[in-house]
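Q: Turn this into a structure:
(one chain, ligands or ions: 2)
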Amino acid sequence: MNPLVAIRPLDQSIWLDFIRRKILINGELQKLITDDQLRGVTSNPAIFEKAIGGSDDYDNAIKALALQGKSTNDIYEELAIADVQAACDLFRPLYDDAANAGDGYVSLEVSPKLVNDTEGTIAEGLRFWKAVDRPNVMIKVPATLEGLPAIRKLISEGVNVNVTLIFSVERYKAVAEAFIGGLKDRLKAGHPVARIDSVASFFLSRIDVLIDPQLEKMVAAGGDQAEIAKPLVGEVAVASAKQAYQDYKKIFAGARWDALKAKGAESQRLLWASTGNKNPKYDDLKYVDGLIGPHTVNTIPLETLNLFREKGQPAVRLEDNLDQVADVLKALPTVGLDLEGLAHELEVDGAKKFNEPFGKLMDSLDKKRVAALAETTAPATMQLGQYQAAVDAKLQEFNAAQFTQGFWDTDAALWTDDAEAQQSIRDFTGWLRVAETMVTALPKLDTFVNDVIGNGFKHVLVMGMGGSSMAPIVFQKSFPQGEKGLPISILDTTDPGTVQHFADTLPLADTLFIVASKSGTTAEPLAFGDFFYDKVKAIKGDKAGENFVAITDPGSKFIATANSLGYRHVFLNFESVGGRFSALTYFGLVPAALYGLNVGEILARAVRMMRACGAYGPVDQNPGLELGTALGVLATQGRDKLTLVTPPSLSDLGLWLEQLTAESTGKHGKGILPVAGEPVGAPDVYGQDRVFVYVGYESEEDADNKAKLKALEAAGHPVISISLIDALDLGQEFFRWEMAISVVGAVLRINPFDQPNVQESKSATDRLMKVVADEGHLPEQEKALSAGGLDYYGVPQAADAAQLLAAFFGQAKEGDFVSIQAYLTESPELNAAFDKLRTSLMARLLTATTFGYGPRFLHSTGQYHKGGPNTGLFLQLTADHNPDLPLPGRSYTFGTLENAQAQGDLEALQKYERRALHVHLGADALQGVQAIQTAFDAQA
Ligand SMILES: O=C(CO)[C@@H](O)[C@H](O)[C@H](O)[C@H](O)COP(=O)(O)O
Ligand SMILES: O=C[C@H](O)COP(=O)(O)O
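A: Ligands and ions are numbered 1, 2, ... in the order given. Next comes the predicted model:
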């Protein structure tokens, strides 16, 4: 039997004298708990020096914390506390199990600088206790004379204490008295004493390391002293420990202790520390095998623990040879060795042994802190031509009104004077600092990813709409799969062809499905969840839930569903972060982490941008404010089509930016229209309503786009360029743009955090689905024309398609835009056909063109379509669903749902008197689009 397990019935608890982030997240610590019955962890400054200073595990977190303006000491504490919290969480089930009372603890030591400072120790002990915020943490306090009153006080405050640096029996007794004193104080104050645990850490190997050479010297010198000294070599530490145990038994017995015990108090167990052997002449398990006894703890370094697993000899030996113990301790003074004096020496040296590595750690952290602060954000250049003066004036006005400070203070008056709207703004500003929160969640994310990969998953499918899936799309398309990551796909359409494609091509039993929905009520992700759960259930039966994860808000109804279906995990996001502002929350980062991206660095760069934008104190320039002011002012001057140009490697950033811009600004008849993915043309195909924004890589030539932008700039169009070092800079871009678009809201005097018109299409769809339930099909639309296998709706009748299209597009005037809405199965061929159509429309109408697959865009640009200015011409395209897909447990199919979404949105567009044409393309969507192209060209 594994000796680590065999030791359990002997009532000794094995703790691990080591901590490091890596073992917390790679499952190693959990494995020790599960397989080896490990029952606790101790840490100390030297251990943290090795963990933090000796690895790069923490570098991203250090960077992010440094950029937040934290001091070196604060950085150390946050890292150490995060690790201790994570370890506490792993031990929590053990701690909570009544049968395991006294175990499941993780120790965190107060600063070694406080070794002789009673008040400082108390204050820091209480601060750590609060900060770790776990009942199974132990605060480590040194057993110096100044430490003793601190121990008593902390115990009286209900803090679990691990008393460290005990080197003598006499000091041990004083420690036990301080503990009992603390319990009594607590009782006197009327507080309970049950479940207040403490251990007294008696240091072993260091005693022998100090005394053995002195004894050996005596032995070498020969004579009478040599005879006495000889049998003492290598015996003093173990003898001291055994004696301390005898004292323990006396102290925690008798009337005084029984009275406390009757109130529920537990004795302060002796813990053997410094148990790694330092003398090659001794057995490496000397301080483990020899000290096994009931109701004690041994905290063991990892190497010793591994050795014990291999060749440990579990047997109670703590009370063996007690006569010899007495002889050893009695003999010491006779050879001139004063144990108390030596213990004092060890205590001073012990403080040094913690102070030195602590100092070293602080130095290395400080270097990393300073280096982080020297890094800068990606530059943005703005060529605004005739608009520069107006933008400068607005910027001056904002600066004079201390906009940056008001922004970080979430002063809602920056956006509106309406009290109700102000409250709604304040309710949705959680995104401002959410990257900081996510930095602290990194160990949790890493642990989760490790678990998923360790359990053999081969693929991830994220299922969600709009803000719950846009950032994952950007991550997936802008980065190659990370070395340790899994391939990832995103499903954000009800189109049966696309759903079927995933059902056919994914390794269903080995796929992790993420249902991502902030509200937990959005029809699409719920339908996807049901559909794939059904499929996995057919393979794995009741274990299907293992393949599912939810990301949703606290309070969402979906939590109960996920739990009842046995979902692997439910990530609770943040109510105060709106969907389109959630890229840097669990919605964006869980998929990113599973895909193997360096999420820590993405967050660090986001924090760097927050810093540049004034999150941590005044700044001379504010990239978010500057970009937002420029875009806002340009919009008020008619340049309200934000035309995004990117190299192909960054093209999907447009999807995210579309939602952020359109949903945030497109309301009350105002707004900026995001134009993404439009082929860049020569100056003569553009009206005077554009601002071009280029986001590309410093190292990528992208000569064609850059030359075209130069020409546009020369022609008087405002051009803004942002140059990224690499894709990890998306972390900063998410924040830059979130701030910029919020600033646009302030320029336009609108609430950028609501989406008043999104619900309309959803409600219209719901109504139509009721009709389907009652009548078995959707209501018939009035047909304007049926020609060439295509059916046209929503416009006046015409003789043929060319005439109908000419009449429809003939309505376009300067400043309008054409929106193509494709409720179709995405394919490269269709994408190419739409690029061609957009190019023709631009050239002929001189209007902006946008394109979106439905129903994705309903959760993104859909807000602007209904809430923004009435300048859009909407070409809605649908096709036959062949084959269609039934939805488990429902009377309708994915295809009917998609049709209802299209029809519902058409109704909403018509309600707002938008110019809208619906074309049903029949059985072959690509041919249908080509037919429209031909009919459109026929009128040229
Ligand atoms: O927490 C404790 C004791 O409670 C331990 O981490 C304790 O600090 C260590 O066992 C010792 O510092 C290790 O000592 P050594 O092996 O360096 O002599
Ligand atoms: O952008 C938000 C979409 O409408 C999806 O909303 P949800 O995350 O609540 O499902």
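
Q: any idea how far whichever residue of the stretch 1-150 of the chain sits closest to ligand 2 lies from Val619?
A: Scanning the stretch 1-150 of the chain for the residue nearest ligand 2 gives Ala64, at 26.0 Å (criterion: C-beta to the nearest ligand atom). Every residue, glycine included, has its C-beta placed from N, CA and C. The gap separating Ala64 from Val619 is 18 Å, by C-beta to C-beta, to the nearest Å.

Q: just Leu215 next, same as before
A: Distance of Leu215 to Val619, computed by C-beta to C-beta: 65 Å.

Q: Same drill for Ala64 and Val619, tell me which one is more crowded.
A: For Ala64 versus Val619, the count of surrounding residues by other C-beta atoms under 10 Å is larger for Ala64: 31 against 14.

Q: Please verify my assumption that that one contacts Thr440.
A: No - between Ala64 and Thr440 there is no contact under C-beta atoms under 8 Å: 9.3 Å.

Q: Name the residues of the protein found near ligand 1, please.
A: Contact residues of the chain with respect to ligand 1, defined by C-beta under 6 Å from any ligand atom, are listed as 17, 42, 44, 107, 140, 162, 164, 201, 205-206, 271, 273-274, 276, 299.

Q: isn't there a helix covering Gln781?
A: No - residue assignment for Gln781, taken from DSSP: H, G, I helix; E, B strand; the rest coil, gives coil, which places it outside any helix.

Q: That one and Glu775, how far apart?
A: From Gln781 across to Glu775, the span is 14 Å (C-beta to C-beta).

Q: same deal with Gly27?
A: As it turns out, when the distance is counted by C-beta to C-beta, Gly27 lies 55 Å from Glu775.

Q: before we move on, what about Ile23?
A: Plainly put, Ile23 is 61 Å away from Glu775 if you go by C-beta to C-beta.

Q: Spatially, which residue comes closest to Gln836, not counting chain neighbours?
A: If you look again at residue 836, you'll see it is Lys, not Gln. Leaving aside its sequence neighbours, Lys836 sits nearest to Gln933 (C-beta to C-beta, 6 or more residues apart in numbering; 6.3 Å).

Q: Would you confirm that Tyr287 contacts Ile207?
A: No - with contacts counted by C-beta under 8 Å, Tyr287 stays clear of Ile207, the gap being 10.0 Å.

Q: Which stretches in the stretch 501-650 of the chain count as strands?
A: Per DSSP state E, counting those that start in this stretch, the stretch 501-650 of the chain has strands spanning 511-516, 548-552, 569-572, 641-645. These are given in chain order.

Q: And these: which comes nearest Phe128?
A: strand 569-572 (25.9 Å; C-beta to C-beta).

Q: mind listing what the closest one pairs with, with the direction of each?
A: strand 548-552 (parallel) (DSSP bridges).

Q: Name the residue in Ile23 and Glu775 with the higher neighbour count.
A: For Ile23 against Glu775, the residue with the higher neighbour count under other C-beta under 10 Å is Ile23, and the figures read 22 against 9.

Q: Make sure that one is indeed in a helix.
A: Yes - membership of Ile23 in a helix is supported by three-state DSSP.

Q: how close does it sit to Gln85?
A: Distance, Ile23 to Gln85, using C-beta to C-beta: 15 Å.

Q: cool, and Gln637?
A: As defined by C-beta to C-beta, Gln637 lies at a distance of 52 Å from Gln85.

Q: do Asp417 as well
A: The separation that Asp417 has from Gln85, given C-beta to C-beta, amounts to 43 Å.

Q: between the two, which one's more packed in?
A: Comparing Asp417 with Gln85 by neighbour count (other C-beta under 10 Å), the higher total belongs to Gln85, at 21 against 9.

Q: Please work out the average pLDDT along the host helix or strand of that one.
A: In this structure, Gln85 is located in helix 72-96 according to DSSP states H and E. Per-residue pLDDT values across helix 72-96 average out to 96.

Q: List the buried residues of that helix.
A: Of all the residues in helix 72-96, those buried under the rule 16 or more other C-beta atoms under 10 Å are 72, 75-91, 94-95.

Q: ok, now which ones touch the residue lying closest to Ala630 once chain neighbours are set aside?
A: Of all residues beyond its chain neighbours, the one nearest Ala630 is Val391 (4.9 Å), with distances taken as C-beta to C-beta, 6+ apart. Val391 is in contact with 382, 384, 629-630, 633-634, counting by C-beta atoms under 8 Å, 6 or more residues apart in numbering.

Q: Mind doing that once more with 6 Å?
A: Contact partners of Val391, counting by C-beta atoms under 6 Å, 6 or more residues apart in numbering, are 384, 629-630, 633.

Q: Over to Gly666?
A: Neighbours of Gly666 in contact, by C-beta under 6 Å, 6+ apart: 863-864, 867-868.

Q: next one: Ala516
A: The neighbourhood of Ala516, defined by C-beta under 6 Å, 6+ apart, consists of 462, 464, 468, 551, 587.

Q: Export the residues you listed to a markdown table and append columns for distance to Ala343.
A: Listed next are the contacts of Ala516 as a markdown table, based on distance: C-beta to C-beta, whole Å:
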| residue | distance to Ala343 |
| --- | --- |
| Val462 | 60 |
| Gly464 | 62 |
| Ser468 | 61 |
| Ile551 | 55 |
| Phe587 | 56 |
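
Q: quick check, nearest of those residues to Lys230?
A: Closest approach between those and Lys230, by C-beta to C-beta: Ile551, at 68.3 Å.

Q: any idea how far the closest one lies from ligand 1?
A: With distances taken as C-beta to the nearest ligand atom, to the nearest Å, Ile551 is found 38 Å from ligand 1.

Q: I'd say that residue and Leu572 touch.
A: No - contact status for Ile551 versus Leu572: not in contact, 8.3 Å apart, counting by C-beta atoms under 6 Å.

Q: How about Leu148, nearest residue that isn't a chain neighbour?
A: When the adjacent residues along the chain are set aside, Leu148 lies closest to Ala178, with 4.6 Å between them (C-beta to C-beta, 6+ apart).

Q: Let me know the next secondary structure element after the lowest-mean-pLDDT helix or strand in the chain.
A: Taking mean pLDDT, DSSP states H and E as the measure, helix 758-775 is the helix or strand of the chain with the lowest mean score, a mean of 88. Proceeding N to C from helix 758-775, the next assigned helix or strand is strand 783-787, under DSSP H and E.

Q: And the contacts of the helix or strand just after that next one?
A: Toward the C-terminal end, the helix or strand that comes next after strand 783-787 (DSSP H and E) is strand 790-793. Where contact means C-beta under 6 Å, 6+ apart, the residues beyond strand 790-793 that reach it are 781, 783-785, 804, 918-921, 928, 931.

Q: where do the helices sit along the stretch 251-400 of the chain?
A: With DSSP state H, counting those that start in this stretch as the criterion, the stretch 251-400 of the chain has helices at 254-262, 286-289, 302-311, 322-334, 339-374, 388-400.

Q: in the first one, what counts as buried?
A: Same thing as helix 254-262. By 16+ other C-beta under 10 Å, the buried positions in helix 254-262 come out as 257, 260.

Q: Does anything pack onto that helix? Which helices or strands?
A: Secondary structure elements in contact with helix 254-262, counted by 3 or more C-beta pairs under 6 Å, 6 or more residues apart in numbering; DSSP states H and E, are absent; no helix or strand qualifies.

Q: Please save the CA atoms from that helix in PDB.
A: Extracted as PDB, the C-alpha positions of helix 254-262 are listed here (Å, rounded to 0.1, in the frame of the first residue of the first chain):
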ATOM      1  CA  GLY A 254      -6.400  17.900  32.700                       C
ATOM      2  CA  ALA A 255      -9.100  20.100  34.000                       C
ATOM      3  CA  ARG A 256      -8.000  23.300  32.300                       C
ATOM      4  CA  TRP A 257      -8.000  21.800  28.900                       C
ATOM      5  CA  ASP A 258     -11.100  19.700  29.500                       C
ATOM      6  CA  ALA A 259     -13.000  22.900  30.200                       C
ATOM      7  CA  LEU A 260     -12.000  24.400  26.800                       C
ATOM      8  CA  LYS A 261     -12.600  21.100  25.100                       C
ATOM      9  CA  ALA A 262     -16.100  21.000  26.500                       C
END
